[in-house]
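Enquirer: Provided below are the primary sequence and the corresponding predicted coordinates.
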Amino acid sequence: MNLEVLINQYYEQLNENDLHVINYISQNLILCKDKTVTEIARNCNVSPSTIIRTTKKLGFHGYSEFRYFLKEEAERIKDKQVSNNQHFSSSVLLKDVQETIKLFEDNKRLEEIYNLLLESNQIFAYGTGYGQNLMLKEFSRCLWNYNIYLNIIPSKTELELISEAITPNDLLFVASLSGNIKTIESIIKNIVVKKVPIVSVTSFSRNDLAYIADYNLYYQVSNLNKVSSLNNTSYCTLNLVLSLLYEGLINYVRENE
């Protein structure tokens with residue numbers, strides 16, 4: 001099991017401090033694998049006890065076991081990079097990008113989504129995993145340029161709370177890779193019953209989230225790992241479709257001024 005799978009598995013239990021620590025470690029894996037808990041805590045500007053609590057939330061008994069995991073993870077990534085350099089073709093990613101652009105351009109309901117972004121009282125966004133949440137945060141940052149505030153829902157608990165107060169005059173984005181919403185299905189259905197417009201953002205496939213949502217945005221992902229259900233390029237095309245939506249919104253506003 002790799003670090004990304006662990007993050008997705010225990011995502012609902014992680015707070016902002018945990019995500020800060022994990023983000024630092026994941027981006028500096030080679031550096032961190034030989035560091036003590038005190039050294040990592042100093043680099044993250046948190047206490048050593050915070051690091052230990054984070055590792056336990058990821059299912060480890062303590063930091064020593066986690067550091068052993070990091071060493072194995074670093075070796076796995078190194079081997080994978082060597083393999084990718086030998087076998088991976090950039091044409092796969094290029095095809096995913098081209099297909100994602102085509103899926104977006106073929107979407108007949110974009111103007112409806114633009115109008116919802118401009119007219120909704122409140123706009124919320126929920127990512128079913130760590131990476132999806134990061135891409136939504138970047139989308140939120142872009143929307144600020146047009147004074148549109150996207151409320152990022154950090155966890156299932158907050159999603160459940162918001163589901164009680166959200167109204168048909170609001171808007172909800174839900175981003176997922178597979179579109180599997182079993183863990184939040186009852187919450188999403190509660191929101192659907194309240195006639196709140198939902199925009200799904202998923203890989204191009206028949207999936208539960210896309211079926212239940214009012215509007216669909218798709219991105220293409222090739223070579224999906226059947227074991228981990230992850231793909232290194234998935235965040236690239238997810239980010240692309242959200243960027244296309246933002247650029248489309250800008251053009252729509254300019255054309256209608």
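Expert: Structure received.
Enquirer: Let me see the ranges of the strands in the protein.
Expert: Taking DSSP state E, the strands of the chain run over residues 123-127, 150-153, 171-175, 198-203, 215-219.
Enquirer: what residues go with each domain of this structure?
Expert: Structural domains of the chain, as assigned by automatic domain parsing, span the residue ranges 3-87, 90-255.
Enquirer: Switch these over to CSV, and while doing so, append mean neighbour count to every line.
Expert: For glycine as for every other residue, the C-beta is placed from the backbone atoms N, C-alpha and C. Output for the domains of the chain, formatted as CSV (neighbours: other CB atoms under 10 Å):
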stretch, mean neighbour count
domain 3-87, 15
domain 90-255, 17
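Enquirer: Return the member of the ones you listed having the minimum mean pLDDT.
Expert: Ranked on mean pLDDT, the bottom entry among the domains of the chain is domain 3-87, at a mean of 84.
Enquirer: Report the contact partners of residue 138.
Expert: Residue 138 sits next to 239, 242 when contact means CB atoms under 8 Å, 6 or more residues apart in numbering.
Enquirer: run the last query once more with 7 Å
Expert: With contacts defined as CB atoms under 7 Å, 6 or more residues apart in numbering, residue 138 is in contact with residue 239.
Enquirer: same check, this time on residue 122
Expert: When contacts are counted by CB under 7 Å, 6+ apart, residue 122 is found next to 151, 170.
Enquirer: So what touches stretch 38-49?
Expert: Contacts with stretch 38-49, where a contact means CB under 7 Å, 6+ apart, come from 17, 20-21, 24-25, 32, 37, 50-51.
Enquirer: The same query, at a cut-off of 6 Å, please.
Expert: Applying CB atoms under 6 Å, 6 or more residues apart in numbering, the external contacts of stretch 38-49 come out as 21, 24, 32, 37, 51.
Enquirer: Pull up the distance across that stretch, start to finish.
Expert: The straight-line separation of the ends of stretch 38-49 (CA to CA, to the nearest Å) is 9 Å.
Enquirer: Could you give the separation of that stretch from the chain centroid?
Expert: Between the centre of stretch 38-49 and the centre of its chain there are 26 Å (CA atoms, centre = their mean, to the nearest Å).
Enquirer: which residue packs closest to the residue nearest the centre of the chain, ignoring adjacent ones?
Expert: Among the residues of the chain, the smallest C-alpha distance to the mean C-alpha position (CA atoms, centre = their mean) belongs to residue 132, namely 0.6 Å. Closest residue in space to residue 132, ignoring its immediate chain neighbours: residue 175 at 4.2 Å, by CB to CB, 6 or more residues apart in numbering.
Enquirer: show me what contacts that neighbour?
Expert: Shown in contact with residue 175 (CB under 6 Å, 6+ apart): 127, 132, 136, 201.
Enquirer: at 7 Å instead, please
Expert: Listed by CB under 7 Å, 6+ apart, the contact set of residue 175 reads 127-128, 132, 135-136, 201, 238.
Enquirer: from these, which ones fall inside helices?
Expert: 132, 135-136, 238 (DSSP state H).
Enquirer: Turn those into TSV, including distance to residue 43.
Expert: Below are these laid out as TSV (distance: CB to CB, whole Å):
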residue	distance to residue 43
132	26
135	25
136	27
238	29
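Enquirer: so which of those comes closest to residue 222?
Expert: Sorting those by distance to residue 222 puts residue 238 at the head of the list, at 13.6 Å, by CB to CB.
Enquirer: Check whether that closest one really touches residue 136, as I assumed.
Expert: No - look at residue 238 against residue 136 with CB atoms under 7 Å: they stay out of range, at 9.1 Å.
Enquirer: Excluding covalently adjacent residues, which one is nearest to residue 52?
Expert: Once its chain neighbours are removed from consideration, residue 52 has its nearest residue in residue 63; the separation is 5.4 Å (CB to CB, 6+ apart).
Enquirer: same question, residue 109
Expert: residue 215 (5.5 Å).
Enquirer: Quickly note the distance from that neighbour to residue 173.
Expert: Here the criterion is CB to CB, to the nearest Å. By it, residue 215 lies 9 Å from residue 173.
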